[in-house]
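Visitor: Below is the sequence, then the predicted model.
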Amino acid sequence: MHASRSVVPLFVGATLLAICCSAVAADNEEALIKRQSQEFSDASASGDASVLARDLDDHVIFMNETGEIATKKDIVDSASPSPKGQSNSLTQTDFKLEMHGTVAVTSFTDVLTQQFHGQTLHAKFLSTEVWLKEGKSWRMISSQTMTKPEDPPAVVLPGALLDEYVGTYEDGPDFVYKIARDGDGLTATIGDAPPVAIKAELKDVLFTPGQGDRRKIFQRDASGKVTGFFSRNEGRDVWLKRVD
């Protein structure tokens, strides 16, 4: 009886130790992948071909922010330091990771800071990566990146010019878009939806804050009167005709 009782705590202790070791190992793997992912971003920014070659699987499927598919050879061969007067840095934020055995899926925002001949430029990219453990090493087998839309700088237009946009625009009777004055600015209403603020990027080019990848390009007749606008979304235009 006494001997058998002593086995129970030993067994429990061994089990707890195994669980703890497993958890520590998982934490170490996650930390490794996170570090390696940031190192890959650093190498992409600096043009370090050796790190890119180390981290990429030979059969990686890599889609960049322009929608182009690149092979490992494409990426490594095109890596080079920035030209004189330029430098780039990429810092990952909002990093998330899901482990699936020997496969890890990450998502994050790459924040670009670019020095361009005395000017500082910023951009953000949304990325997902898939890493596969091969032996003791993790290598990227898939990546997809898209540019995070940013609002352009807004300008203040004279009140008389803002008044020229006020009116009702239609893309058929079932899609009605109304622009109205709101103090020193403009609002837009689609159907029965509540009004939202719209701003000007420049004369005859308006946008909705939070939708910086879309533009409203206004058209005028020979006399200068606004006749409608093209709702432009990533190069695709929908025409809305002014009806009052």
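Guide: Done, it's in. Numbers count the residues shown, from 1 in each chain.
Visitor: Now do the helices in this structure.
Guide: Counting by DSSP state H, one finds helices in the chain at the ranges 2-46, 49-55, 72-78, 159-163.
Visitor: Residue ranges of each domain in the protein, please.
Guide: 2-147, 159-242 (automatic domain parsing).
Visitor: mind checking which of these is nearest Pro153?
Guide: Closest approach to Pro153 among the domains of the chain is made by domain 159-242 (7.4 Å; CB to CB). Quick note: C-beta positions are derived from backbone N, CA and C, even for glycine.
Visitor: quick one: terminal-to-terminal distance for that closest one?
Guide: Terminal residues of domain 159-242 lie 20 Å apart, using CA to CA, to the nearest Å.
Visitor: follow-up on the earlier one: output the domains of the chain in a markdown table; the columns should cover mean pLDDT, mean neighbour count and distance to Pro153.
Guide: Output for the domains of the chain, formatted as a markdown table (pLDDT from 0 to 100; neighbours: other CB atoms under 10 Å; distance: least, CB to CB, whole Å):
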| stretch | mean pLDDT | mean neighbour count | distance to Pro153 |
| --- | --- | --- | --- |
| domain 2-147 | 88 | 14 | 13 |
| domain 159-242 | 96 | 14 | 7 |
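Visitor: what about the residue nearest to Asp163 when sequence neighbours are not counted, distance to Asp213?
Guide: With CB to CB, 6 or more residues apart in numbering as the criterion, Asp163 has its nearest non-adjacent residue at 6.7 Å, and that residue is Arg181. The gap separating Arg181 from Asp213 is 26 Å, by CB to CB, to the nearest Å.
Visitor: OK, contacts around Ala123?
Guide: Contact partners of Ala123, counting by CB atoms under 8 Å, 6 or more residues apart in numbering, are Val111, Leu112, Gln114, Thr147, Lys148, Glu150.
Visitor: Give me the spatial nearest neighbour of the first one, chain neighbours excluded.
Guide: With CB to CB, 6+ apart as the measure, Thr91 is the residue that lies nearest to Val111, at 4.8 Å, once sequence neighbours are left out.
Visitor: Same question for Asp55.
Guide: Looking at Asp55 with CB to CB, 6+ apart, the closest residue is Phe40, at 5.0 Å.
Visitor: So what pairs up with the residue nearest to the spatial centre of the chain in the strands?
Guide: Per CA atoms, centre = their mean, the C-alpha nearest to the average position across the chain is that of Leu126, at 2.8 Å. Beta-bridge pairing for Leu126 (DSSP bridges): Thr109, Met146.
Visitor: So it sits against Met146, correct?
Guide: Yes. In terms of CB atoms under 8 Å, Leu126 counts as a neighbour of Met146; the distance is 5.3 Å.
Visitor: Tell me the spacing between the closest residue to Ala49 other than its chain neighbours and Gly67.
Guide: Counting by CB to CB, 6+ apart, Ala49 lies nearest to Ala79, which is 3.9 Å off, once chain neighbours are set aside. Remark: distance between Ala79 and Gly67 (CB to CB) = 20 Å.
Visitor: Tell me the spacing between Arg242 and Leu52.
Guide: Distance from Arg242 to Leu52, by CB to CB: 52 Å.
Visitor: pretty sure Glu150 is touching Lys124, no?
Guide: Yes. In this structure Glu150 lies within contact range of Lys124 using CB under 8 Å: 7.1 Å.
Visitor: wait, Val155 sits on Val205?
Guide: No. Using CB under 8 Å, Val155 makes no contact with Val205, being 9.5 Å away.
Visitor: How about the contacts made by the residue nearest to the centre of the chain?
Guide: Ser107, Thr109, Asp110, Thr145, Met146, Thr147, Lys148.
Visitor: And those residues, which is closest to Asp74?
Guide: Thr145 (14.5 Å).
Visitor: List the contacts of the closest one.
Guide: Thr145 neighbours (CB under 8 Å, 6+ apart): Met63, Asn64, Glu65, Asp110, Phe125, Leu126, Ser127.
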